[in-house]
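1. okay, predicted coordinates and the sequence, questions at the end:
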Amino acid sequence: MHGFRILGTTLLLSLVLVAQSFSYSNFASTTGLTLVNHATTAAGVLVVTPALISQRGAVWYDLPVPVASGFETSFRFRCAQPSGGGADGLAFVIQADARLNTALGNHASALGYGAFVGVPTGTAIANSLAIELDTFQGNFGGFADLNGNEISVHTGGPGDNSQSEGYSIGRVASPVNLSDGLVHTLRVRYFEGLLEIWIDAAAAPVLSIAYDFAIGGTQILSATPVAGLSLLNGTDAVVGFTASTGGSWETHEILDWTWTSFEGCLAGSVPAIGGGLQDTLAVNLSEGGLGRTVVAGVNTPITIEMIRPLASPLATSNLVLMANFALPAPATGLPFSAGTLCFLPPLPGLPSNALVLFDTLNLGLGTLVPGTPPAPFSLTFPAGLPSPVTLTLQGVIEVTPFTFEVTNGVILRVV
Ligand SMILES: [Ca+2]
Ligand SMILES: [Ca+2]
């Protein structure tokens, strides 16, 4: 039998103090957000900067969110009312700057996250990753923007970030006009060292960048390695938007915003003997480590095991184990008090990509293993799973009769 991974009380506390997912369908209420400097709202829309000269603003989600284990976020934005061709653009920023949810950089080309030459160190947002939606072509620090309609991802590692394209770890001329006054959608996903960005409805990412919050990436114009970030608690960051105007201007508006951290549904949540949280689910005798991912070879048997916790009264609990043929999408999962399912369970009548692997409650959802197998409850996937394929596995436990909690999840990659 493999060993349990017991998570300490410190992590339990940190889970309480961070958000796993949130969603704003509009900004009629800004509860949970901090609006900095010129940022405001109008008619349920976040106005990160209004269409005025030399504005700078930021909007941050107040609670840090886990980023290290992966996340997906999406927002709709609009740049309108241009003067002088419109400027300067906005940025989606992931940061652990000392100023947290009050951080703000300079105006004009700095897009509210960078800073100009000669201003004090600490003005730019340090320890950050910024995804620029840059609407005004400039040349800062000897590195020019591609054009006045650019998507560029900047980081300076734990140090100050900069609008200089010398800090870019990946950029592209936007295939759509970012500042045409129309509503556009940006979607960002980070998982296992890959940062992917989609614009509007295109199926393929407009940018796909090798980057890891722990390891870093490469500043492309100078081919220089750049370190990752020094995250809060090693895993968390503050997320939000910055924007700016200069001698030319436009509005920079956010119409909606959703965020989902993968970590929440993947964390153990069953109380362990002595406190903390306990994993109950393992694949090939592994809980997947910090990334919660187990890689298995195609055409090899894969053993999935779920163990009843040792702590009474959970030693006789009912167990349900589900799988979904996709990465976690907890924004669609059902919330429990200790966490949210990584995906929508295969409930009757609901469209789902999920299946039940075993079910000691005999919920009648159609299982691969009968309801009362010998403990530990385990099954072996038949050889010949399609390759490559990604499944998210999620355990549920009945902590008291008819009271259920999410236990840990594991991402299984068959390659
Ligand atoms: Ca620019
Ligand atoms: Ca730029």
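-> Cool, the structure landed. Ligands and ions are numbered 1, 2, ... in the order given.

2. who does whatever residue of the stretch 51-200 of the chain ends up closest to ligand 2 form a beta bridge with?
-> In the stretch 51-200 of the chain, the residue found nearest to ligand 2 is Asp134; the distance is 3.6 Å by Cβ to the ion. In this view, the C-beta of every residue, glycine as well, is placed from N, C-alpha and C. Beta-bridge pairing for Asp134 (DSSP bridges): Gly89, Glu150.

3. so it touches Ala144, yeah?
-> No - assessed by Cβ atoms under 8 Å, Asp134 is found out of contact with Ala144, at 11.0 Å.

4. what's the domain layout of the protein?
-> Listed domain ranges for the chain are 32-261, 265-414 (source: automatic domain parsing).

5. lowest average confidence across those, which one?
-> For these, mean pLDDT drops lowest on domain 265-414, to a mean of 79.

6. tell me which of Asp134 and Ala144 has more neighbours.
-> Just comparing Asp134 and Ala144: by other Cβ atoms under 10 Å the higher neighbour count belongs to Asp134, 29 against 14.

7. state the distance from the more buried one to Arg292.
-> The gap separating Asp134 from Arg292 is 35 Å, by Cβ to Cβ, to the nearest Å.

8. same check on Asp279?
-> 10 Å.

9. shared neighbours, those two?
-> Shared contacts of Asp279 and Arg292 (Cβ atoms under 8 Å, 6 or more residues apart in numbering): Asn408.

10. near ligand 1, which residues of the protein are found?
-> 109, 134, 136, 138, 145 (Cβ under 5 Å from the ion).

11. could you list every residue that touches the second one?
-> What that stands for is Asp134. Applying Cβ under 8 Å, 6+ apart, we find Asp134 in contact with 88-89, 111, 145, 148-152.

12. right, and Asp62 touches Thr34 too?
-> Yes - using Cβ under 8 Å, Asp62 is in contact with Thr34, at 5.7 Å.

13. the more surrounded of those two?
-> Thr34 (17 against 13).

14. in which helix or strand does that one reside?
-> strand 33-37 (DSSP states H and E).

15. that strand pairs with which strands, parallel or anti?
-> Strand partners for strand 33-37, identified by DSSP bridges, are recorded as strand 56-61 (antiparallel).

16. now do the helix or strand just after the partner strand: which elements does it pack against?
-> The helix or strand immediately downstream of strand 56-61 is strand 65-66, counting by DSSP H and E. Using 3 or more Cβ pairs under 8 Å, 6 or more residues apart in numbering; DSSP states H and E, the elements in contact with strand 65-66 are strand 236-244, strand 249-261.

17. what residues does strand 65-66 touch?
-> 18-20, 22, 71, 235-239, 259, 261-264.

18. Arg187 is in contact with Phe71, isn't it?
-> No - contact criterion Cβ under 8 Å: Arg187 and Phe71 do not qualify, at 11.3 Å.

19. between the two, which is the more surrounded one?
-> Phe71 (23 against 18).

20. residue contacts, Gly240?
-> Taking Cβ under 8 Å, 6+ apart, one finds 33, 58-61, 92-93, 101 in contact with Gly240.

21. and if you look at Val117?
-> Val117 makes contacts with Gly141, as judged by Cβ under 8 Å, 6+ apart.

22. mind checking the SS state of it?
-> At Val117, secondary structure determined by DSSP: H, G, I helix; E, B strand; the rest coil is coil.

23. what sits against Leu391?
-> 323-326, 411-412, 414.

24. if we can go back for a sec, common neighbours of Asp134 and Ala144, please.
-> By Cβ under 8 Å, 6+ apart, Asp134 and Ala144 have no common neighbours.

25. quick revisit: among the contacts of Asp134, name the buried ones.
-> Buried members of these, counted by 16 or more other Cβ atoms under 10 Å: 88-89, 111, 145, 148-152.

26. for Leu195, which of the helices and strands packed on strand 65-66 is the nearest?
-> strand 236-244 (13.3 Å; Cβ to Cβ).

27. in stretch 351-360, what counts as buried?
-> 354-360.

28. my guess is Arg189 meets Phe71, correct?
-> Yes - with contact defined as Cβ under 8 Å, Arg189 reaches Phe71; the gap is 7.2 Å.

29. quick one, strands of the stretch 151-300 of the chain?
-> 168-173, 184-191, 194-199, 207-210, 217-219, 224-226, 236-244, 249-261, 270-271, 277-278, 281-283, 293-296 (DSSP state E, counting those that start in this stretch).

30. contacting residues for Val414?
-> By Cβ under 8 Å, 6+ apart, the neighbours of Val414 are 295-298, 302, 385-391.

31. name the member of the residues you listed with the most neighbours.
-> Counting by other Cβ under 10 Å, top hit in the contacts of Val414: Leu391 with 26 neighbours.

32. name the SS class of that residue, please.
-> Leu391 - assigned by three-state DSSP - is strand.

33. if I look at it, how far off is Pro382?
-> 14 Å.

34. same question, Gln137
-> Taken as Cβ to Cβ, the span from Gln137 to Pro382 is 56 Å.

35. of these two, who's got more company?
-> For Gln137 and Pro382, the more surrounded residue by other Cβ under 10 Å is Gln137, and the numbers stand at 16 against 10.

36. am I right that the more buried one is in contact with Ser152?
-> No - in this structure, Gln137 is not within contact of Ser152 by Cβ under 8 Å, at 11.5 Å.

37. mind listing the shared neighbours of these two?
-> Residues touching both Gln137 and Ser152 by Cβ under 8 Å, 6+ apart: 145-146.

38. and the buried ones among the contacts of Asp134 as a markdown table, adding distance to ligand 2?
-> Formatted as a markdown table, the buried ones among the contacts of Asp134 follow (distance: Cβ to the ion, whole Å):
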| residue | distance to ligand 2 |
| --- | --- |
| Asp88 | 9 |
| Gly89 | 8 |
| Leu111 | 8 |
| Asp145 | 4 |
| Gly148 | 9 |
| Asn149 | 10 |
| Glu150 | 5 |
| Ile151 | 9 |
| Ser152 | 4 |
